[in-house]
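Fold the stuff below for me.
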Amino acid sequence: MTMTLHNDSRISRRSLLQVGALGAGLTLAEALKLRAAGKTGAGLRSAIFVFLEGGPSHQDTFDLKPDAAVEFRGEFAPIGTSVAGVQICEQMPMLARDFGRYAIVRGVTHNLADHGIGKKYVLTGNVPTPVLQYPEYGSVVARQYPSARDLPTYVAIDESFVGPGYLGTQYSALTAEKPRHGFPYRVRGVTLDDGLTVARYSRQKQLLDDLDTAFRGFEKLDDEVRSLDRFSEQAYQIISSPRTRTAFDLSKEKTSESDRFGKHEFGQSLLLACRLIEAGVHFVTVRLRPAEFDFDTHSNNFSKLRTLLPPFDRGLSALLDRLDDRGRLGSTSLLVTGEFGRTPRVNGGGGRDHWARAMCSLLAGGDIQAGSVVGASDATASAPRGDGYSPDDLAASFFRNTGIDPKLEFQSNVGRPITLVRNGTPIRQLFPAIP
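Numbers count the residues shown, from 1 in each chain. Purely as a prediction, here's the structure:
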């Protein structure tokens, strides 16, 4: 896991001891600050955010245009789903079968066709601005609904991107490496470093406690140091917790279950996400780095999608199956999206370029009306048919489905209240059962 302590000379003694004696273990402590003042979490919903890095081609996945001219429609044929009249790409037969478990939002639109700012927009639900850093979804959930004391609230696989923004570093993600099929899985600080057992870790923690006692008469402990001491204790509970170590241990899964998700990093990451949610972690982001799972198909779009879509199909289908089979789908909000779509016209290299005016997203779980298609694009998937939906609306819907009011206000680190999603509103058609 990765966490960063502020560089502050007032806590340098303890920081150095933590790094020297415990590896990176107790740097998690700052991420737990203020958790004690949070809500109990009774009745809250968990959430999984699957981010498709690079911007998947919407017209070659969930918004095909088979009647468009060949330079627009591409090489894939549509296939029917389990809901009459709804078609998706032939490369995703499992998700076609499972359409009754999720909803498609078509005609999502914005104008930031750059990876960096586009991701910041979609991952926060707010247009980026240089004067304020908005928090990513998981950090908001970590702020509102902390997990049990011996579990992390927010885990990011394989890394986060935006961070906690104005909420503060105490709501950063615990970053876990992507798992690999057939290999033992380790999380730094949870499985502990080679040769550092929980028993030895406990003895070293006792040394820290003894040194704290010795130094207590020689230094003035301000609020920051005292809170670090208190939340270091909580970090120790997480690192030494059998429940946390078991949640990350994919070897506990049957081979058949591991195989069901697919023998690839994407599927195994989704399997890990399921285990974490089942253990009591409240938010998991799956964001594989572009080198492993890159939808930025400027060239050879169709050959790349023939490689990318089968593991995506298998892994996401298995995720929906598992959540449903174990009674978790109704309490787990799921969002699957990229930062934008791809150009309507295929370019000279057989690829599609950045296109933010139209894209697709998937939502599932909670109160989402599964088996529905909300919104539409025009005949060439170039723009929404009608007004469309913004990333702000998508974020408001995701928060709404996770049990958080998107109009909630936070007292930010810039000294004024900030609305969680300033311009978006939940997409009404996704929640027909809600008055």
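
Which element, helix or strand, includes Asn96?
Residue 96: Ala, not Asn. Here Ala96, judged by DSSP states H and E, is contained in helix 93-97.

Just to be sure, Ser251 is in a helix?
Yes - assigned with DSSP: H, G, I helix; E, B strand; the rest coil, Ser251 falls within a helix.

how many neighbours does it have?
The burial count assigned to Ser251 is 9, neighbours taken as other CB atoms under 10 Å. For every residue, glycine as well, the C-beta is placed using N, CA and C.

any idea of the pLDDT on it?
Listed pLDDT for Ser251 reads 88.

and what of Pro432?
88.

Give me the buried positions along the helix holding Ala96.
Using 16 or more other CB atoms under 10 Å as the test for burial, helix 93-97 gives 93-96.

quick one: which of the residues you listed is nearest Gly267?
Of all those, Gly267 sits closest to Met94, with 11.5 Å by CB to CB.

returning to what we had before: just the buried residues of the helix or strand just after the helix holding Ala96, please?
As assigned by DSSP H and E, the chain's next helix or strand after helix 93-97 is strand 102-108. For strand 102-108, a neighbour-count test (16+ other CB under 10 Å) marks 102-108 as buried.

Of all pairs in these, which one spans the longest distance?
Tyr102 and Gly107 (16.8 Å).

Does the helix holding Ala96 pack against any helices or strands, and if so which?
strand 78-80, helix 301-325 (3 or more CB pairs under 8 Å, 6 or more residues apart in numbering; DSSP states H and E).

Please repeat the previous calculation with a cut-off of 10 Å.
Packing contacts for helix 93-97, counted by 3 or more CB pairs under 10 Å, 6 or more residues apart in numbering; DSSP states H and E, involve strand 78-80, strand 87-89, helix 301-325.

Could I get the average pLDDT for that helix?
Helix 93-97 comes out at a mean pLDDT of 98.

Give me the residues contacting it.
The contact list for helix 93-97, computed with CB atoms under 10 Å, 6 or more residues apart in numbering, reads 61-62, 78-83, 86-90, 101-102, 104, 309-310, 312-318, 320-321, 362.

Bridged to the residue nearest in space to the middle of the chain, which residues?
When CA atoms, centre = their mean is applied to the chain, the residue found nearest the centroid is Thr285 (1.9 Å). On the basis of DSSP bridges, Thr285 is bridged to Phe49, Ala156.

pLDDT score assigned to it?
97.

need the contact list for it.
Thr285 neighbours (CB under 10 Å, 6+ apart): 47-51, 123, 136-139, 154-161, 173, 175, 273, 335.
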